[in-house]
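Q: need a 3D model of the sequence below.
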Amino acid sequence: MNRKNLFLVTSLSLLLGLVSLVGVKNTSVLPAKAEVIESKITVDPSKYWGNGAENYKVAAYISDDDSHSAWTELVTINTPSTFVELPFKLQFNALYIKVYRYNVDFSKENWEVDPTGEHYADYGWSVSPVLNKTNNVEFSNINHIILENENYGFNRVPSMVHQIYLPDQSTWESEDVYLKTINENSFHHTEYSVEVELKENDLIRLERYFDNIDESKITLEDSVSDTDLEYWAEGSNKGFDCKGEGIYTLRFDYKEQTIEISKAPIPAPTPTPTPTPENKTYIYVVIIVASVTAVALVAGLVLILRKHSKNKAK
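A: Numbering: from 1, shown residues only. Below is the predicted model of the structure:
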């Protein structure tokens, strides 16, 4: 084999080996960038902040302990709504959030230069446009505030306990369930909902924010039979025993202290898929390509060593 052909074969072999190692996946390391977190914070004013009888504007100040901060968007809440949703973008790990409620006539232009409402005389106001502001609320993964009064709130959602019956042991194990799906309902109140799969003899114990619930505040939709769930109350504890299995949806209006419950059947389990001929063929092709690439790489190295030995012998 002449030198030109030897060089060509060697180069192609090494190239094939290099492609097999790095061509399929780009492993280059790029400089780390601060992650942009884009989400929203929701607020349930309940019976506070006008009780749905007046319009106002809302924004929130988000911060950490290292002087990083950001404002959410400024939004307008129109009567009769009492549900607040504030979009935001962050590039730091937030620790605290403070919510500001403003006079509805506070313009976006003035808000952008004075979001805390401290320099109201500069734009012709005789009083601050800030109607209320909360204390710092801990910022967490829930991202929802329930007001306890006009200026105080918790970053929490309603919760309950699902006690799962274990027939083999004639006992129960418990798991916490959080009503983290949050929307505005047809009454313009904040509504919390969750789906939970209940088997016969499971039970639900209502926990945080269900203080004033009793049987008169519970509505079973047509999909739920009167015998599917049995309400019970023992002192401060209350909940449901399940008599008919299904996937139950609970929708809770905290302001009105009402619960609506619907039910859907539990779907049949999905069978585990078996390997198809196409999948097997793909695996065989990958193995063959990898083997051929390895052989080509070895052959290229052998040719280089042989050429080196011949040159040395001369």
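Q: who's in contact with residue 207?
A: For residue 207, the contacting residues are 158, 159, 160, 161, taking Cβ atoms under 8 Å, 6 or more residues apart in numbering as the criterion. Bear in mind the C-beta positions are built from the backbone N, C-alpha and C, glycine included.
Q: what is the nearest of those to residue 192?
A: Relative to residue 192, the closest of the contacts of residue 207 is residue 158; by Cβ to Cβ it sits at 5.0 Å.
Q: what about the closest one, distance to residue 267?
A: Note on residue 158: its distance to residue 267, by Cβ to Cβ, to the nearest Å, is 27 Å.
Q: same check on residue 185?
A: Taking Cβ to Cβ as the criterion, residue 185 is separated from residue 267 by 27 Å.
Q: one step back: take the contacts of residue 207 and lay them out in JSON lines including pLDDT.
A: Shown next, in JSON lines, are the contacts of residue 207 (pLDDT from 0 to 100):
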{"residue": "158", "pLDDT": "96"}
{"residue": "159", "pLDDT": "96"}
{"residue": "160", "pLDDT": "96"}
{"residue": "161", "pLDDT": "96"}
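Q: out of the residues you listed, list just those in strands.
A: Among the contacts of residue 207, DSSP state E puts 159, 160, 161 in strands.
Q: since we're on the first one, how many residues are nearby?
A: Translated: residue 159. When neighbours are counted by other Cβ atoms under 10 Å, residue 159 registers 17.
Q: ok, what's across the strand from it?
A: Judged by DSSP bridges, the bridge partners of residue 159 are residue 178.
Q: that one reaches residue 176, doesn't it?
A: Yes - using Cβ atoms under 8 Å, residue 159 is in contact with residue 176, at 6.0 Å.
Q: where does the stretch 1-150 of the chain dip in pLDDT?
A: Along the stretch 1-150 of the chain, segments meeting pLDDT under 70 span 1-34.
Q: swap the cut-off to 90 and go again
A: By pLDDT under 90, the weakly predicted segments of the stretch 1-150 of the chain are 1-38, 47, 65-67, 140-142.
Q: rewinding a little: which of residue 158 and residue 267 has more neighbours?
A: Neighbours per residue, other Cβ under 10 Å: of residue 158 and residue 267, the larger number sits with residue 158, 23 against 7.
Q: in contact with that one, which residues?
A: By Cβ under 8 Å, 6+ apart, residue 158 lies in contact with 178, 179, 192, 207, 208, 209, 210, 252, 254.
Q: ok, now residue 237?
A: Residues counted as contacts of residue 237 (Cβ under 8 Å, 6+ apart) are residue 205.
Q: next one: residue 111
A: Shown here is residue 111, whose contacts under the criterion Cβ under 8 Å, 6+ apart are 57, 59, 74, 102, 129.
Q: run the last query once more with 7 Å
A: By Cβ atoms under 7 Å, 6 or more residues apart in numbering, residue 111 lies in contact with 59, 74.
Q: and what of residue 98?
A: Residues in contact with residue 98 (Cβ under 7 Å, 6+ apart) are 60, 61, 133, 134, 136.
Q: A helix includes the second one, no?
A: No - counting by DSSP: H, G, I helix; E, B strand; the rest coil, residue 61 is located in no helix; its state is strand.
Q: list the contacts of it.
A: Residue 61 neighbours (Cβ under 7 Å, 6+ apart): 69, 71, 98, 100.
Q: the fourth one too?
A: Residues in contact with residue 134 (Cβ under 7 Å, 6+ apart) are 98, 99, 151, 152, 153.
Q: skipping adjacent residues, who's closest to it in space?
A: Leaving aside its sequence neighbours, residue 134 sits nearest to residue 99 (Cβ to Cβ, 6 or more residues apart in numbering; 4.6 Å).
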